[in-house]
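Visitor: Mind looking at a prediction? Sequence and model below.
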Amino acid sequence: MKHYLQFKDFRAEEYAYLFERARVIKQRFKNYERYQPLTDRTLAMIFEKASTRTRVSFEAGMYQMGGSVVHLTTGDSQLGRAEPIEDSARVISRMVDIVMIRTFEQTKIERFAAHSRVPVINGLTNEFHPCQILADLLTYLENRAPVHARGYDLDCLKGKVVAWVGDGNNMANTWLQAAEILGFTVHVSTPSGYEVDPKVAGISRSDCYKVFKDPLEACRGAHLVTTDVWTSMGYEAENAERLKAFADWCVDAEMMAVAQPDALFMHCLPAHRGEEVSAEVIDGPQSVVWDEAENRMHVQKALMEYLLLGRIG
Ligand code: CP
Ligand code: NVA
């Protein structure tokens, strides 16, 4: 049994398989073809933080694949009344086939997984957001990768530059893990005090990222420019000081102008126009944020299929 708790839980070759399955599954969806390999399977979704995309993509995806969904939050379950996470894992995993959790500390999802009888997926923690990077990479591949007989050519990622402008947060950490596994480089620019910590990111090679003081320099020559909210969920008490600290970390037309002429812009959403990104950029021609959001569903369907059924064919 496999869990998916962080990006480095899978190898490059598993990603090649997953992205190909996501491509096929998306094609079927677009053609209105019924594809229900998860009939009679149940997904439990546990949300200790808010969500729009993660909830809709997992829930719609599971129903489309023939399964059903149980939705739990801290407020409406015993999780909010201090039932130990280990006990919750033991109980929930006796009744469902797969679990998705959005929570605070990564250690919490690890404790759940250690006591679960079924696969567990990270739907965002303070440290990581692997399902989002799956969708981001699928979106990049759709736009830039040749499709061979065995699927997208992941070698097209090798040597590419992803500019990360903003907080050294869960998204940034996950980009670093993806860079280490798939062979691209992340140019990271954060305000001081908000740097990425390679120990928290869990990477072992320092050549998969480069740090820039100036966000404009991080964007120079980048093939993909990406950012995220200045204040992630769980850090709301720091909002006022973050508004000041991040003022120069807004992805605008000037930053996009120094990137590759065909650079893509991505944002995991929700976005704050005028803070981490200008309206001109997120609503402009280089932005692929709506495909990126939709791809959450297609790639997570491939992920659930893989965790529950293994490789198809
Ligand atoms: N990108 C993302 O995870 O969005 P939600 O918080 O809406 O799920
Ligand atoms: N970094 C953000 C991502 C939201 C999808 C957060 O953790 O709130």
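Guide: Arrived safely. Please read all numbers here as calculations on a predicted model, not as lab measurements. Ligands and ions are numbered 1, 2, ... in the order given.
Visitor: quick one: buried residues of stretch 267-281?
Guide: 267-269, 271, 275-278, 281 (16 or more other CB atoms under 10 Å). The way it works is simple: take the backbone N, C-alpha and C, and place the C-beta from them, glycine included.
Visitor: For the stretch 1-150 of the chain, what lies in contact range of ligand 1?
Guide: Contact residues (CB under 6 Å from any ligand atom) of the stretch 1-150 of the chain with ligand 1: 51-54, 124, 132.
Visitor: got JSON lines for those, with distance to Glu241, neighbour count and secondary structure too?
Guide: Shown next, in JSON lines, are these (distance: CB to CB, whole Å; neighbours: other CB atoms under 10 Å; DSSP: H, G, I helix; E, B strand; the rest coil):
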{"residue": "Ser51", "distance to Glu241": "25", "neighbour count": "17", "secondary structure": "coil"}
{"residue": "Thr52", "distance to Glu241": "26", "neighbour count": "10", "secondary structure": "coil"}
{"residue": "Arg53", "distance to Glu241": "27", "neighbour count": "19", "secondary structure": "helix"}
{"residue": "Thr54", "distance to Glu241": "27", "neighbour count": "23", "secondary structure": "helix"}
{"residue": "Leu124", "distance to Glu241": "23", "neighbour count": "27", "secondary structure": "coil"}
{"residue": "Gln132", "distance to Glu241": "25", "neighbour count": "28", "secondary structure": "helix"}
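Visitor: what subset of those residues is also close to ligand 2?
Guide: Leu124.
Visitor: Reformat the residues of the stretch 1-150 of the chain next to ligand 1 into CSV and put pLDDT next to each item.
Guide: Below are those laid out as CSV (pLDDT from 0 to 100):
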residue, pLDDT
Ser51, 98
Thr52, 98
Arg53, 98
Thr54, 98
Leu124, 99
Gln132, 99
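Visitor: Pick out the residue of the stretch 51-200 of the chain closest to ligand 2.
Guide: Asn169 (4.7 Å; CB to the nearest ligand atom).
Visitor: looking at it, that residue is touching Thr227, isn't it?
Guide: No. Judged on CB atoms under 8 Å, Asn169 makes no contact with Thr227 at a distance of 10.4 Å.
Visitor: So the two - more neighbours on which side?
Guide: Between Asn169 and Thr227, Thr227 has the larger neighbour count (other CB atoms under 10 Å), namely 29 against 24.
Visitor: thought that one was touching Gly166?
Guide: Yes. Thr227 lies in contact with Gly166 (CB under 8 Å); the separation is 4.5 Å.
Visitor: need the strands for this structure, in chain order.
Guide: Ranges of strands in the chain, per DSSP state E, are 42-47, 68-73, 98-102, 120-122, 147-148, 151-152, 161-165, 185-189, 209-211, 224-227, 264-267.
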